[in-house]
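Chemist: turn this into a structure:
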Amino acid sequence: MHIYLVGGAVRDKLLGRPIVDHDHVVVGALPEEMLALGYRPVGKDFPVFLHPRTGEEYALARTERKTGRGYHGFVFQADATVTLEQDLARRDLTINAIAEDAHGVLTDPYHGVRDIEARVLRHVSPAFVEDPVRVLRVARFAARFAPLGFGVAAETMALMRQMVRDGEVDHLVPERVWAETRKALGEAQPSAFLRVLRDCGALAVLYPEIDALYGVPQRAEFHPEIDTGVHLELVLDAAARIAPGDDLVGFCALVHDLGKALTPVDELPRHIGHEHRGVAPLRALAARLKVPTEHAALAELVCREHLNAHRAFELKPATLLKLLTALDALRRPARLDAFLAACEADKRGRRGHEHDAYPQASYLREARAAAAAVDAAGFVVQGLAGPAIGKAMEIARIAAIGSLKTKHPPS
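Modeler: The predicted structure is shown next:
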């Protein structure tokens with residue numbers, strides 16, 4: 001039996017990045033031997049075990065063979081005859097196909113170290129085309145490593161385009177599309193995820209509502225980048241800087257402007273009412289990919305209300321309270337924070353405006369605090385009951401928000 005550290009742990013160690021997961025491959029062992037040593041089985045399709053003390057994953061070396069469409073269409077062989085090189089050959093990218101033994105000696109049959117040094121995302125073998133999830137994984141790794149200068153190898157991009165043309169991507173199930181997208185939205189440069197998917201043609205298949213934004217013009221005086229798709233990329237990266245690793249904020253940023261793709265041609269480059277037009281495609285996208293309820297709900301609020309957030313200083317106190325109530329911000333201040341992060345990303349996701357201040361965020365937080373400070377107890381003491389209490393609280397909250405106007409006059 002020989003045990004090797006593999007995958008992301010080796011890659012990230014070579015890149016000098018924090019190691020999150022330690023995955024191991026075991027060569028020359030049988031399941032019975034692992035059980036005898038106290039390892040706990042967890043794999044369904046192939047033997048994977050958890051270390052009895054550390055809980056880390058140890059998978060028996062295996063090969064896989066394509067038998068049908070999609071990522072389910074595989075049969076696996078995992079036994080003591082499978083070599084380390086055979087196991088590494090089934091992996092997606094060369095940078096993920098490096099193994100390290102207990103003495104720190106690397107096994108690198110597919111030149112992953114060279115590609116790490118060259119900052120290239122390259123497929124291991126032609127078998128890459130057999131699993132459509134790999135298209136999404138490459139795009140996700142691009143989002144993670146683009147800040148380090150990584151790009152997709154030309155020959156790998158060619159394979160991905162072929163996979164799209166052959167219809168392999170059409171067989172991806174919604175849960176896998178969302179899982180990979182969610183991870184990408186939490187990476188350092190999510191714009192690279194969109195660019196890679198668009199370059200290979202997968203964005204139009206998986207996210208047609210987003211692909212439709214590219215080439216749609218905006219008013220240059222407000223959007224120097226002009227192209228709505230480019231604006232979206234800038235917003236995603238701004239969201240990643242404002243709320244690092246937060247895929248909820250990232251998803252809100254991703255879908256906040258879907259309505260701009262539906263603006264009548266004769267109205268361009270203006271987009272009057274795009275915040276309302278965007279709700280229908282957002283709901284369709286969220287339903288199709290089975291997006292979590294909170295992601296879909298907050299994203300819809302960002303879509304509908306981001307312009308109100310931008311002009312918060314101009315809104316009447318009653319309108320501000322209505323906005324805070326729609327967000328359920330009085331009970332859930334963290335929800336307001338996520339909403340404001342996405343709105344700030346929209347404001348700063350414009351060429352030349354990456355470092356603009358967003359005082360609307362502090363103003364809306366102050367308005368929320370002022371409204372939340374109004375308590376029902378005082379009105380009960382006054383003898384009010386039932387709906388009268390609610391009405392009195394509403395009036396008091398509007399007044400409390402209004403008192404902020406002297407502190408924050410409209411610009």
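Chemist: low-confidence regions, this structure specifically.
Modeler: Counting by pLDDT under 70, the chain has low-confidence residues at 45, 65-76, 406-411.
Chemist: for it, which helix extends over the most residues?
Modeler: Residue-count comparison of every helix in the chain, with assignments taken from DSSP state H, identifies helix 293-310 as the longest.
Chemist: buried set for that helix?
Modeler: Neighbour-count burial for helix 293-310 flags 295-296, 298-306, 308-309 (criterion: 16 or more other Cβ atoms under 10 Å). From N, CA and C alone the C-beta is placed, and that goes for glycine too.
Chemist: closest one to P224 out of those residues, please.
Modeler: Minimum distance to P224 across the buried residues of helix 293-310 is 18.9 Å, recorded for H306 (Cβ to Cβ).
Chemist: now do stretch 13-28: distance to the chain's middle.
Modeler: The gap between the average C-alpha position of stretch 13-28 and the chain average comes to 23 Å, counting by Cα atoms, centre = their mean, to the nearest Å.
Chemist: quote the end-to-end distance of it.
Modeler: Terminal residues of stretch 13-28 lie 25 Å apart, using Cα to Cα, to the nearest Å.
Chemist: buried residues in that stretch, which are they?
Modeler: Counting neighbours by 16+ other Cβ under 10 Å, stretch 13-28 gives L14, L15, H22, D23, H24, V25, V26, V27, G28 as buried.
Chemist: got phi/psi on E100?
Modeler: E100 has phi and psi values of phi -130, psi 130 when expressed as degrees, to the nearest 10.
Chemist: would you agree it is in contact with G8?
Modeler: No: with contact defined as Cβ atoms under 8 Å, E100 does not reach G8; the gap is 11.9 Å.
Chemist: for stretch 380-387, the distance to its chain's centre please.
Modeler: Between the centre of stretch 380-387 and the centre of its host chain there is 47 Å, according to Cα atoms, centre = their mean.
Chemist: check which residues of that stretch are buried.
Modeler: Using 16+ other Cβ under 10 Å as the burial criterion, the residues of stretch 380-387 that qualify are L384.
Chemist: which residues touch it?
Modeler: Where contact means Cβ atoms under 8 Å, 6 or more residues apart in numbering, the residues beyond stretch 380-387 that reach it are I389, A392.
Chemist: could I have the CA atoms of it written out in CSV?
Modeler: Included here for stretch 380-387 are C-alpha records, laid out as CSV according to Å, rounded to 0.1, in the frame of the first residue of the first chain:
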residue,chain,number,x,y,z
VAL,A,380,-49.3,50.3,24.4
VAL,A,381,-48.8,52.5,27.4
GLN,A,382,-50.7,55.2,25.5
GLY,A,383,-53.7,52.9,25.3
LEU,A,384,-53.4,51.9,21.7
ALA,A,385,-54.2,48.4,20.6
GLY,A,386,-54.4,46.2,17.4
PRO,A,387,-53.9,47.9,14.1
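Chemist: how many other residues sit next to A102?
Modeler: 9 (other Cβ atoms under 10 Å).
Chemist: now the buried residues of helix 293-310 as TSV including distance to K322?
Modeler: Formatted as TSV, the entries for the buried residues of helix 293-310 read as follows, by distance: Cβ to Cβ, whole Å:
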residue	distance to K322
H295	23
A296	21
L298	17
A299	19
E300	16
L301	12
V302	16
C303	17
R304	12
E305	10
H306	15
N308	9
A309	13
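Chemist: any idea which of those is closest to A334?
Modeler: If you rank these by distance to A334 using Cβ to Cβ, L298 comes first, at 10.7 Å.
Chemist: tell me the contacts of that closest one?
Modeler: Contact partners of L298, counting by Cβ under 8 Å, 6+ apart, are L248, C252, R335, A338, F339.
Chemist: nearest spatial neighbour of A212, skipping sequence neighbours?
Modeler: Setting aside the residues directly before and after it, A212 is nearest to A261 in space (Cβ to Cβ, 6 or more residues apart in numbering), at 3.8 Å.
Chemist: can you check F141 too?
Modeler: By the measure of Cβ to Cβ, 6+ apart, the closest residue to F141 outside its immediate chain neighbours is L121, 5.7 Å from it.
Chemist: do the same with L84
Modeler: Once flanking residues are discounted, L84 sits nearest to V27: 5.0 Å by Cβ to Cβ, 6+ apart.
Chemist: just grab the bridge partners of that neighbour for me.
Modeler: Assessed by DSSP bridges, V27 has beta-bridge partners H2.
Chemist: what sits against it?
Modeler: Contacts for V27 were tallied using Cβ under 8 Å, 6+ apart; they are M1, H2, I3, Y4, A61, V82, T83, L84, D87.
Chemist: top of these by neighbour count?
Modeler: Neighbour counts for the contacts of V27 were taken using other Cβ under 10 Å; the highest belongs to A61, which has 28 neighbours.
Chemist: pop out the phi and psi values for that residue.
Modeler: phi -60, psi 140.
Chemist: for G245, grab the count of nearby residues.
Modeler: Using other Cβ under 10 Å as the criterion, G245 is surrounded by 11 other residues.
Chemist: and what of A118?
Modeler: The number of residues packed near A118 is 13, by other Cβ under 10 Å.
Chemist: distance of it from R134?
Modeler: 20 Å (Cβ to Cβ, to the nearest Å).
Chemist: just C303 next, same as before
Modeler: In this structure, C303 and R134 are 31 Å apart, going by Cβ to Cβ.
Chemist: and what of H171?
Modeler: Relative to R134, and taking Cβ to Cβ, H171 is found at 13 Å.
Chemist: neighbour-wise, which of these two wins?
Modeler: Between H171 and R134, counted using other Cβ under 10 Å, R134 has the larger neighbour count: 24 against 13.
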